[in-house]
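*Asks:* Build me a structure from this.
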Amino acid sequence: MPKEIAINAFHMNAPGHSWAGLWTHPADRAIDYTDLDFWITIARTAERGLLDGIFLADVSGVYDVYKGSPDAALAAGAQIPSNDPSVLISAMAAATQNLGFGVTASVGYEQPYYLARRFSTLDHLTKGRVAWNIVTGYLESGVKALGDTAVRDHDQRYDRADEFLDLVYKLWEGSWEDDAAARDKVGRVFARPEKVHRISHHGTYFDLDAIHLSEPSPQRTPLLYQAGTSARGRAFAARHAECVFTNQSKKQLTESAVDIRRRAIGFGRHPDDIRIFVGATVIVAPTEAEARDKYEEYRSHLDVKGALALLSGWTGIDFGDYGPDDPVRFVKNNNSVQSKLEAMTIRSADRVWRVRDLADFGEVGGRGPFIVGTPSQVADELLAWVDEAGVDGFNLTRVVEPRNLEDFVDLVVPELQNRGVFKTAYRPGPLREKFFGHARLGPRHPGRAFRYDAHPATVGIPAE
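*Replies:* Alright, predicted model coming up:
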């Protein structure tokens, strides 16, 4: 029986996302990103196509590595301005019934106590349809905005992230028992104090002595995504992630997926406990010629300086110092996305990437699938990634929206359904249950060790 693939629409609460400048296309409505109607349209379109969720990116700081200035990013609307993605969820959830929502939040810039409450709140309001995309942060501008002087070392960011996750597990899983919120009107008791536990944590990076502010939500811990594929990022994903999101070539992704799943066994997990998603840009039309025309039309709206501003921020390399034909070489940077550099250089030794390649609208720098064609051709390529790279799902990169998403829903989804590889109806239950068959963390997930009923003596003490 063929494997059923999962698909998210990949967005950001900003005028521009992965492809700078496409908001200038006459059919694109991302310029209205401050209007809830835009997001409700996206959500309803995604649910009409039975997509699994809307995956919302976020970044702290601005892209100011290119020529030492944010000017190119500002002019291109390249992920700046950028609004809080989490506040969109309630409105989109109210307009849908089954669609999931993945929200990016950085453990480098957040406090565990308030992040735990925010995700519990969203999980309650959506009836269990929320996922957290865990990132560590990499922009020096973001660190400076919060009053620090330098980005932590790449691996140290993950050391801090491990402790951050342990702490939010304690809050989500260990503070409130399932029946703590009694809602007893006759007895005039809302919550039973003896079933609410104080969390005492004194670690390397965090100190906390408190009870979780929220009662248990449908999932308790939101479905966990993780987006790092460096060596240290893969170790982090093997312990914590239920879904891994990456942008890599087919060969690189195959290696990463095998490595992550192998490492997961060391944490007492099963390889099937982790699903792999790859970012995919899809441009589809009824005929190949129409699809190619649409691609050239979109390409003409790409902002080259904006694209280089994004790439400079992602890699830590100032491409303003390069000529268009200069090769891209690996430079280790504490404030870079190491997997992006590795994908373009060390792990792509069979190709020399040049600056003009990186600024083009196409499959560059290990972005993953870039597919232009008919519904059948798109389906063929998506399934090739599933078969050859072990991919479980795709995050559809924003192009010209909502038109491009509508094209996918109307043309590609029926093709995938006809091949028996995409659902024809939503499964009931919270988001994790739709993916894995259980609403709460699975029995092999390390976060389960922090449940109040796992090791009561070490979780906390009853709140007074």
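
*Asks:* Which secondary structure state does the residue nearest the centre of the chain sit in?
*Replies:* Compute the mean C-alpha point of the chain, and by C-alpha atoms, centre = their mean the closest residue is Asn133, 4.3 Å away. Look at Asn133: counting by DSSP: H, G, I helix; E, B strand; the rest coil, its state is strand.

*Asks:* who touches it in this structure?
*Replies:* 55-57, 102-105, 225-227, 245 (C-beta atoms under 8 Å, 6 or more residues apart in numbering). C-beta coordinates here come from the backbone N, C-alpha and C atoms, glycine included.

*Asks:* again, only using 10 Å
*Replies:* Contacts for Asn133 were tallied using C-beta atoms under 10 Å, 6 or more residues apart in numbering; they are 55-58, 85, 102-106, 222-227, 241, 243, 245, 395.

*Asks:* so what's Leu88 closest to, chain neighbours aside?
*Replies:* In this structure, Leu88 finds its nearest non-sequential neighbour in Trp39, 5.1 Å apart by C-beta to C-beta, 6 or more residues apart in numbering.

*Asks:* Tell me the buried residues in whichever strand or helix holds that neighbour?
*Replies:* In this structure, Trp39 sits in helix 36-48 according to DSSP states H and E. Of all the residues in helix 36-48, those buried under the rule 16 or more other C-beta atoms under 10 Å are 38-43, 45-47.

*Asks:* And that helix, how far out from the chain middle?
*Replies:* Mean C-alpha position of helix 36-48 versus that of the full chain (C-alpha atoms, centre = their mean, to the nearest Å) differs by 18 Å.

*Asks:* and it, what does it pack onto?
*Replies:* strand 6-12, strand 53-57, helix 89-94, strand 100-106, helix 403-407 (3 or more C-beta pairs under 10 Å, 6 or more residues apart in numbering; DSSP states H and E).

*Asks:* export the ones you listed to CSV and tack on distance to Lys195, mean neighbour count and mean pLDDT?
*Replies:* Output for the helices and strands packed on helix 36-48, formatted as CSV (distance: least, C-beta to C-beta, whole Å; neighbours: other C-beta atoms under 10 Å; pLDDT from 0 to 100):
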stretch, distance to Lys195, mean neighbour count, mean pLDDT
strand 6-12, 36, 25, 98
strand 53-57, 32, 27, 97
helix 89-94, 28, 18, 98
strand 100-106, 28, 24, 96
helix 403-407, 44, 20, 98
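
*Asks:* Next, the angle from the helix holding Trp39 to strand 6-12.
*Replies:* 170 degrees (axes from the mean of the first three to the mean of the last three C-alpha atoms, to 10 degrees).

*Asks:* one step back: of the buried residues of helix 36-48, which is the nearest to Val284?
*Replies:* Thr45 (14.5 Å; C-beta to C-beta).

*Asks:* need the contact list for the closest one.
*Replies:* Taking C-beta under 10 Å, 6+ apart, we find Thr45 in contact with 9, 51, 54, 99, 401-403, 405-406, 408-410.

*Asks:* Just the pLDDT at it, thanks.
*Replies:* Predicted confidence (pLDDT) for Thr45: 98.

*Asks:* Also the one 3 residues further on?
*Replies:* In this model, Arg48 is scored at 98, pLDDT.

*Asks:* And Ala289, by the same measure?
*Replies:* 98.

*Asks:* how close does it get to Glu381?
*Replies:* Computed as C-beta to C-beta, to the nearest Å, the Ala289 to Glu381 distance reads 18 Å.

*Asks:* Next, format the helices and strands packed on helix 36-48 as a markdown table and append distance to His301.
*Replies:* Formatted as a markdown table, the helices and strands packed on helix 36-48 follow (distance: least, C-beta to C-beta, whole Å):
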| stretch | distance to His301 |
| --- | --- |
| strand 6-12 | 17 |
| strand 53-57 | 20 |
| helix 89-94 | 26 |
| strand 100-106 | 25 |
| helix 403-407 | 13 |
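
*Asks:* of those, which approaches Pro81 most closely?
*Replies:* Closest to Pro81 of the helices and strands packed on helix 36-48 is strand 6-12 (C-beta to C-beta; 10.9 Å).

*Asks:* what's the closest one packed up against?
*Replies:* Using 3+ C-beta pairs under 10 Å, 6+ apart: strand 6-12 touches helix 36-48, strand 53-57, strand 100-106, strand 243-246, strand 275-284, strand 393-397, helix 403-407.

*Asks:* try it again with 6 Å
*Replies:* Other helices and strands packing on strand 6-12, by 3 or more C-beta pairs under 6 Å, 6 or more residues apart in numbering; DSSP states H and E, are strand 53-57, strand 393-397.

*Asks:* Turn those strands into CSV, including distance to Ala161.
*Replies:* Shown next, in CSV, are the helices and strands packed on strand 6-12 (distance: least, C-beta to C-beta, whole Å):
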stretch, distance to Ala161
strand 53-57, 18
strand 393-397, 21
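
*Asks:* so which of the ones you listed comes closest to Val168?
*Replies:* strand 53-57 (18.9 Å).

*Asks:* what's the angle from that closest one to strand 393-397?
*Replies:* 60 degrees.

*Asks:* contacting residues around strand 53-57?
*Replies:* The contact list for strand 53-57 (C-beta atoms under 6 Å, 6 or more residues apart in numbering) reads 8-12, 46, 85, 100-104, 395.
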